[in-house]
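*Asks:* turn this into a structure:
(2 chains)
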Protein chains: 2
Amino acid sequence: MISGRCAACKYLRRRCPSDCIFSPYFSPSDPRRFACVHRIYGASNVGKMLQQLPPHLRAQAADTLCFEAQCRMQDPVYGCVGLISQLHEEIHMAESQLAKIQAEITFLNCTAPEAQGLQIIEANSNLNSLLPEQITTVGLYPQ
Amino acid sequence: MISGRCAACKYLRRRCPSDCIFSPYFSPSDPRRFACVHRIYGASNVGKMLQQLPPHLRAQAADTLCFEAQCRMQDPVYGCVGLISQLHEEIHMAESQLAKIQAEITFLNCTAPEAQGLQIIEANSNLNSLLPEQITTVGLYPQ
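*Replies:* From the prediction side, this is the model:
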């Protein structure tokens, strides 16, 4: 059984049971993956979190736990919240620039000849559909 | 000393030492905050992570750990990676719409009279500055 142990059981130096909760998600070929989640969450917490989910959702949960753990190891202060913050800033910057372009298009629309005005109205309505909803889903991020 | 215990020491039913690692970041007035990080990371791991940081960075680390723990409790499969994915999709959608508007402005620029063309060029250059760099910092998110 030794050679078939998963990364978690190898790391924890224990026998890998046939119903091991870690085995499907922590291949022995990638020992760093388990070491990461173990260091941040602890093996027991990871096992509990996986156990509480239906089997078909566990692989995705293991992946996101690994991602968050890697982020936390790379950035022990902000973890992956640093990435959320960065995306938040980019969206804010895009929002400002879009508003500026929207103002310019509105100005052009006021001064443009009739035929061209129609096309600019179309561009402007695309900007309007972009601004209000899609740019403001960052309320979860604590300021 | 009992009445001055921090949320962590109250939760763990122990005396709160004067140099408690949790005390500055887990006020007894918000017991849920500690309960969250304890459930996801375990008190011992949170203590270790804070201890490894210089004191002036610990408050921010405690806040981001709490944020990630809350996200994981709300969404046990994706945690705050779900939020990153959502922002990623929004940026991708914005990128597509901006490209469409850029194409429309380029078209208008080709057909516009000279004086107005100058203003459209300006709007177009704003779009160019937005597209290539600011929209693609999502490489950290695993597909």
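*Asks:* shaky segments in chain A?
*Replies:* Applying pLDDT under 70 to chain A flags the ranges A:1-3, A:112-143.
*Asks:* tell me the domain boundaries of it?
*Replies:* For chain A, the TED database gives the domain ranges A:7-74, A:78-109.
*Asks:* need these in CSV with mean neighbour count and distance to residue B:101, can you?
*Replies:* Using the backbone N, CA and C atoms, a C-beta is placed for each residue, glycine as well. Converted to CSV, these look like this (neighbours: other CB atoms under 10 Å in any protein chain shown; distance: least, CB to CB, whole Å):
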stretch, mean neighbour count, distance to residue B:101
domain A:7-74, 17, 33
domain A:78-109, 19, 8
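*Asks:* dump those to CSV, plus distance to residue B:44.
*Replies:* As requested, the domains of chain A are exported to CSV (distance: least, CB to CB, whole Å):
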stretch, distance to residue B:44
domain A:7-74, 8
domain A:78-109, 18
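*Asks:* could I get those as JSON lines with distance to chain B?
*Replies:* Below are the domains of chain A laid out as JSON lines (distance: least, CB to the nearest CB, whole Å):
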{"stretch": "domain A:7-74", "distance to chain B": "4"}
{"stretch": "domain A:78-109", "distance to chain B": "4"}
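*Asks:* residue B:87: which of those domains is closest?
*Replies:* The closest of these to residue B:87 is domain A:78-109. By CB to CB, the value is 4.3 Å.
*Asks:* what's the spacing between that closest one and its chain's center?
*Replies:* Counting by CA atoms, centre = their mean, to the nearest Å, domain A:78-109 is centred 19 Å from the centre of its parent chain.
*Asks:* do the same with stretch A:11-28
*Replies:* 26 Å.
*Asks:* ends of it, what's the gap?
*Replies:* 9 Å (CA to CA, to the nearest Å).
*Asks:* residue A:31 versus residue A:107, what's the distance?
*Replies:* From residue A:107 across to residue A:31, the span is 60 Å (CB to CB, to the nearest Å).
*Asks:* and if you look at residue A:58?
*Replies:* Distance from residue A:58 to residue A:31, by CB to CB: 19 Å.
*Asks:* same check, this time on residue A:96
*Replies:* Here the criterion is CB to CB. By it, residue A:96 lies 45 Å from residue A:31.
*Asks:* likewise for residue A:40?
*Replies:* 16 Å.
*Asks:* do the same with residue A:22
*Replies:* 12 Å.
*Asks:* then residue A:53?
*Replies:* Noted for residue A:53: a distance of 23 Å to residue A:31, by CB to CB.
*Asks:* likewise residue A:39?
*Replies:* Note on residue A:39: its distance to residue A:31, by CB to CB, is 12 Å.
*Asks:* report all helices and strands that the strand or helix carrying residue A:104 contacts.
*Replies:* Following DSSP states H and E, one finds residue A:104 within helix A:81-111. When contacts are defined as 3 or more CB pairs under 8 Å, 6 or more residues apart in numbering or on different chains; DSSP states H and E, helix A:81-111 packs onto helix A:114-130, helix B:55-74, helix B:81-111, helix B:114-130.
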